[in-house]
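[1] Could you look at this predicted model? Sequence included:
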Amino acid sequence: MAEPTNAKPARPSLRALSRRYAWIVVAVWAVACGVFVMRGALSVEVSGDLEGLLPPEHRAAPDRGYLLLQHEGDLSPDELLSVADRVHEVLDEAWVPIVAPAAERNGWLDAHALYLLPTSTHEALAERLTDDSIRAAVDSLRSTMSSPFFGLTMAESRRDPLRLRALTAGVEARASWDAPAIASRAAPTPGGDLLAHDGRSLLMATRSHRDGEDLAALAAQSVGEAVKITDVGPGADRRAAKRSANTAFTKTLLVMLAGLTLIVAAALRNVRRTLAGLLCVASGGLACASFVALDPVSAPLFILALGIASGAALPLSRISTGGWAGLLVLATALVPLAALDFALWKTWATLWIAVTLTMRGMTRVVLPALLEVMRVPERDRAARIVLRPNPVIAVAISMGLLGGGWWAIEGLRVRGADRLEVAPSTHATSHVRETYFDPGLVAHARTDGDDLEQALTRAAGDARVLATLVPTEARVVDTPGSLVLPAEELERRKAGLVKLDLTGRLAKLRELLSARGFRPAAFGEFLRSAADPDRVPTPAAALEGPLARWIRGYAVEDEGGVSLQARIHLAPDPDVLPPALETPDGRTLVVHGPAIGGRVQARTFLDRLGLAAGAQLWLGAFIVWLAVRQFSVALASALAGACVQAGVLLAMKLTGVPLSPAVLPVFLLAGAAATVASARACRSAGAGTPVFATGVLAAGVGQATAGLALAASPIPLWADIGVAAAAGSLLASGVGLFVGPGLAALLERPPREEAES
Amino acid sequence: MKLSRRVMMVGGAAAVLAPRRAEAVDQRLLQNRLELWSNYARRTKNVMARLVTTRETSLLDEPLVTQGSMVFDAPTTLVLRDDGLTGSSSLIEGERITVVPNQTTLASPPEVEPALREAQRWLANLLLRLFAPPPKEEGGERSLIEGLRVDVPRRSFRMELMPARGSVVRKTFRSVTVHLDPVVGTVTQILIAQTQGDRVRLQLSDHRQNVDQADVDAVLETVRTRAAGAAG
C-alpha cells in the first residue's frame, strides 16, 4: 500500500522489512492466530458485571439477594405463608428476615410502648394522660365501635387505646423496623418476609455466597409447582445483563464487520487489498480478545477499537515520519481516565494502549507482508485532493460546534453508573419494584462496634441521626437501632416518665374503660407494659429476645469487630443526595450504595468530563507538536478535537442520548480522532501535498460503522454509546479535513521576511 | 345381602345424578334470591332506612347496641349514622371510606393498616352493591355476587356472601350474611362475621325508596361536613 511519507527512501522502515521477510511474517502471524484461537479468542464471553464504573464502596454486597415467590391465585395467603416457612427451612442460614417478624415486633412494641416515645413528646404525653383526654379517648373508641369498619382498627385500638403512637407517627415512619413494609405495598409476615396485599406474591431476603439462581432452584424443589420462585437479587440482574450482552455482542460484531467490508472494499476497490486489510483487523481482534476481559460496559469499546483499526488498512497521510504520532495520539486517548475514579476506565486507560498497539501492529507489520505474498502492487488508486485552507469557514464551523455544544450541555441528562440500561427488566423484577420496593434504591450506613451489643447501642443513636434524612433524601430508614435506646436516652426517658405518675394515670384509664362497658383485661398488654418501669428497650434485652435473629440480619462481621448496616430506602429523585451526617459522639455517618455512587457521579460528571477531555486534547496536541514542531498545527488539532467533542454533545442532545460515565471514552476517542485527522490535513496543506481524501473519509465512515452497529444493537446502553461514537467519527473526519487546516492557517505566524515587507 | 342388578343400576344412577340435582336446586335458590333482591334494587335511586347496629366483641362486657339511620344515594354513596353524640357515622363514597365520631371533640379512629386496606375496600364495595341498582342487561343481578363465594340456605331468605378462596380478605372477614324481605326484596339485615370473632349486625327497617333528594342531601351534607372537620 502506498502511503505518502516524508521519510527518505533509504531509511529503514517496518513496511519494507515486512515485505522483505513476507513469508516469515505471514507464517508467524498464522501461527499466532492459531494460538489465539486455541486460547479461546473465538469464544470470547462478555461478563454480567455492571458495577465496574462504581467506586468499590458503593457496590452492592455480593452476598445479598432476594427471592420472589409467586402463584397464580391458587393459594390462600396462609398457604403461601406456609410455603414460605418451608423455604426458610430449606435455605436455613441463607435466609434472613427483611422485616421484624410481626408477633415479635408487636410484642416488643407493646412491652415498651411508653419508652419508645421520645422525651420531646413527654409534654404531649402528659396532655394525653389527663382525665379529660383519657375520657375523650375512651369515648372516641366506643363511639366508633358501631361502624362495620371498626374491626379493621380494633387490634391497633387494643394495643394503644390512648393513641400514644400518634405522638411518634413522624419519627416511627422515618426510622422504623417496619421500614420495608412502609416503603412498599406489602405487609410484614409473621415469619419476617413481605407479603403483597393481593396475597399473590411474597418477597424474602437471602444472604449467601451461593448464586441466587441456585438458592431459587433449591427452594423450588421443596415447594412443588404451585409456587414459582425467582431470584430477583443483583445476581439476576447480572445474569440478564450477561445473557443480553453476549447475544448482542456477536450480532453487533457481525454487523460491524459486514459494514467494514463494504466500506474498505469501496475505498480500495481491490479484492486482495480488502481481504488483506480485513484479515489484519480480524486477527487484531483475535489477539486483543485473548487478553481483554469484557463486560457490558466495556464491550462497545472493543467494537469501536475494531472500527478504528480498520482505518489503518486504508491509505492515509502521516503526521510524522514513521507515522508514530497518529498512533500515539490514538493509543493515549484514554490515558486521562487513569486520573478519574472509575475503576473500569482506570483499567482501560492502559488496556487501550495495548489494544491499539496490538491492532495497529497487525496492520503495520502483517499487512505489507500479506500484500507482498498476495502480489498486490504498491500503488493504489485512492483519490487525492489538495486542501485549500479557509480560515473563515473553519472559524464559522468551530464557533457553530462549540456554541452548539455549550447549548447542549446545559440540557443534557446525566445518568449515573447505577442506572445503565443493559437488559430489559424481567416481569419478576418489575413486580418487585412496583409491589415492594426498588432494591437498587436501598443504600446503607455502617455503625461499627467491638461486638454486636456495642454496635446496636451506637446504632440506636445513629438511627435518630439517619431519621433526619426522611423525607427529603430518604423515604424510610430501616435499622434495628430504632427499637432500642442508648443508655443516656433511656435514663432521660425514664426520668421523664416518672414525673407523669403513670401508675395513677393507668388506674384512671382502667376505671374509665370499666365505666364505659369495656373489659380492661382486653387492654392488658398496654396496661401492663406501661405500668412496669423495669421493662426497658435496651440493646442487651433486644439481643436476648426473639428479635435477635432479625437484628443479626443487619450485622456484618469484620476483622476485630461487628458492623450493623442501616438500610436507607432513598427518595426516587435522582438529584437528591444524602449528606454525610455527624453523630453526637463525633463519628461521621456516610451513606453508601449503588444509587448513591451513581448520583455522586451524575452530580460531578461534567467536571470529570471537562477534566478528561481537556487532558486528552492537551496530550494529543503535545504529541502532534513533538512530531511536527509547529505550534499552530498542534493548537489547531486540539481545537478541532474540542469542536468534535462539542459536536458529540450537540448530537447527543438532538438525539436524546443521556450523558453517563459509560460514554466518557467516546468523547476522548472522538477528540483523538479529530486531532489526528486535523494534524494530517494540516501537514498536507502546509506541505502543499494532496490528501488521501478517500482514505480520510473511509476511515471516518469505518469508525462510524462501528458506532452505527452499536446503535442498532438491542442494548440501550450500547445504542447510546453507538450514537455518540458515530457522530464523533463522522465529525472527526469532516472537522479534521475542513476546520483544522483553516485554523492552523489562521494561527500560523507569517514568515519573518514576509512580515517585515 | 345380595343386591339385584336393577337396584344397583338405580342406585348408581342416583349417586351420579343426585349431586347434580342438588347443585341445580342451589342454583335455582340463588337465582330466586338474586331476582328477589334485584326487583327492589333496580328501582333504587336512593334509600333511607332505620338502622339498629349490634356489635358483639371481646372488648366489651356486653354487646353494643346503637340506633341510627342508613342513607344510600345511588350509585356509590352510603351513610350509616348513629343517632346522638355518643355514636359515629360511616361514610362510603366510592373508594373513599370515612369513619368519624358524631361528637366533634372526639378524635377519629386510627388509619387502617395498609395490609387491611384490601379488606376495607372489599367490605365497602359489598355494602354499596347491596343497595345499588344492578346492571340492566339480562343476568345483571349476578353482579351482586361477582367475585364472591355464596351459600344460600333453603329455608330462609338470606344469602351468605364470602370472600373468594385465596383472597387476603379472608384474614379479616369470614362472611357477610344478607337477609332479604321475602315479599319486597329489601335488605333487612346484614350480619358481618369477622375472622377474629367479632360480629356486627346491621338491622334495617322502615325502608323508604326514592325519597325527595333534598332529604338525602341534607343527611349527606351533615356527615360530609363532620368528616371534613375531622380530616381538617
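    Cool, got the structure. Just so it is clear, the model here is predicted, and its values are computed rather than measured. Residues are numbered from 1 along each chain as shown, chains lettered A, B, ... in the order given.
[2] contacts and neighbour counts: CA atoms only from here.
    Noted.
[3] how near is whichever residue of chain A sits closest to chain B to A:His197?
    Proximity of chain A to chain B (C-alpha to the nearest C-alpha) peaks at A:Ser76, 3.4 Å away. Remark: distance between A:Ser76 and A:His197 (C-alpha to C-alpha, to the nearest Å) = 12 Å.
[4] so what sits against both of the two?
    B:Val168 (C-alpha atoms under 8 Å, 6 or more residues apart in numbering or on different chains).
[5] Which per-residue confidence value corresponds to residue 35?
    The chain I'm using is chain A. In this model, A:Val35 is scored at 90, pLDDT.
[6] Not quite, go with chain B.
    Model confidence at B:Glu35 (pLDDT) stands at 88.
[7] list the contacts for the closest residue to it other than its chain neighbours?
    Spatially, and ignoring its direct neighbours in sequence, B:Glu35 is nearest to B:Glu141 (6.7 Å; C-alpha to C-alpha, 6 or more residues apart in numbering or on different chains). Counting by C-alpha under 8 Å, 6+ apart, B:Glu141 touches B:34-35, B:38, B:134-135.
[8] let's see 10 Å
    B:31, B:33-39, B:41-42, B:133-135 (C-alpha atoms under 10 Å, 6 or more residues apart in numbering or on different chains).
[9] just A:Ala287 next, same as before
    Here A:Ala287 is in contact with A:32-33, A:35-37, A:39, A:41, A:281, A:355, A:358-359, A:362 (C-alpha under 10 Å, 6+ apart).
[10] quick one: which of those residues is most hemmed in?
    A:Val281 (28 neighbours; other C-alpha atoms under 10 Å in any protein chain shown).
[11] Surely that one touches A:Val355?
    No: look at A:Val281 against A:Val355 with C-alpha atoms under 10 Å: they stay out of range, at 11.7 Å.
[12] Find the residues that touch each one of those two.
    Listed as contacting both A:Val281 and A:Val355 by C-alpha under 10 Å, 6+ apart are A:287, A:305-306, A:309.
[13] The residue nearest to B:Glu35 and A:Lys242, how far apart?
    From B:Glu141 to A:Lys242 the distance is 55 Å (C-alpha to C-alpha).
[14] can you check A:His592 too?
    25 Å.
[15] and if you look at A:Met145?
    For A:Met145 relative to A:Lys242 (C-alpha to C-alpha), the value is 58 Å.
[16] These two: which has the busier surroundings?
    Neighbours per residue, other C-alpha under 10 Å: of A:Met145 and A:Lys242, the larger number sits with A:Met145, 27 against 22.
[17] in a strand, that's where that one is, yeah?
    No: assessed by DSSP: H, G, I helix; E, B strand; the rest coil, A:Met145 does not belong to a strand; its assignment is helix.
[18] For the closest residue to it other than its chain neighbours, which residues are in contact?
    Leaving aside its sequence neighbours, A:Met145 sits nearest to B:Arg55 (C-alpha to C-alpha, 6+ apart; 7.3 Å). Going by C-alpha under 10 Å, 6+ apart, B:Arg55 touches A:145-148, A:150-151, B:62-66, B:191-192, B:198-202.
[19] what bridges to B:Arg55?
    B:Arg55 forms beta bridges with B:Leu64, B:Val200, as assigned by DSSP bridges.
[20] wait, doesn't A:Ser298 sit right on A:Trp348?
    Yes: taking C-alpha under 10 Å as the definition, A:Ser298 is a contact partner of A:Trp348 at 8.4 Å.
[21] what do the two both touch?
    A:292, A:665.
[22] picking up where we left off before, please check the contacts of B:Glu141 and keep the buried ones.
    Buried members of these, scored by 16 or more other C-alpha atoms under 10 Å in any protein chain shown, are B:31, B:33-39, B:41-42, B:133-134.
[23] Grab the two from those that are most spread out in space.
    B:Gln31 and B:Pro133 (16.3 Å; C-alpha to C-alpha).
[24] Quick check on A:Leu286: phi, psi?
    Dihedral pair for A:Leu286: phi -60, psi -40, per degrees, to the nearest 10.
[25] any idea how far the closest residue to it other than its chain neighbours is from A:Ser290?
    Nearest residue to A:Leu286, sequence neighbours excluded (C-alpha to C-alpha, 6+ apart): A:Ala41, at 5.5 Å. Applying C-alpha to C-alpha, the value for A:Ala41 to A:Ser290 is 5 Å.
[26] Tell me the residues that contact both of those two, please.
    Common neighbours of A:Ala41 and A:Ser290 (criterion: C-alpha under 10 Å, 6+ apart): A:Val35.
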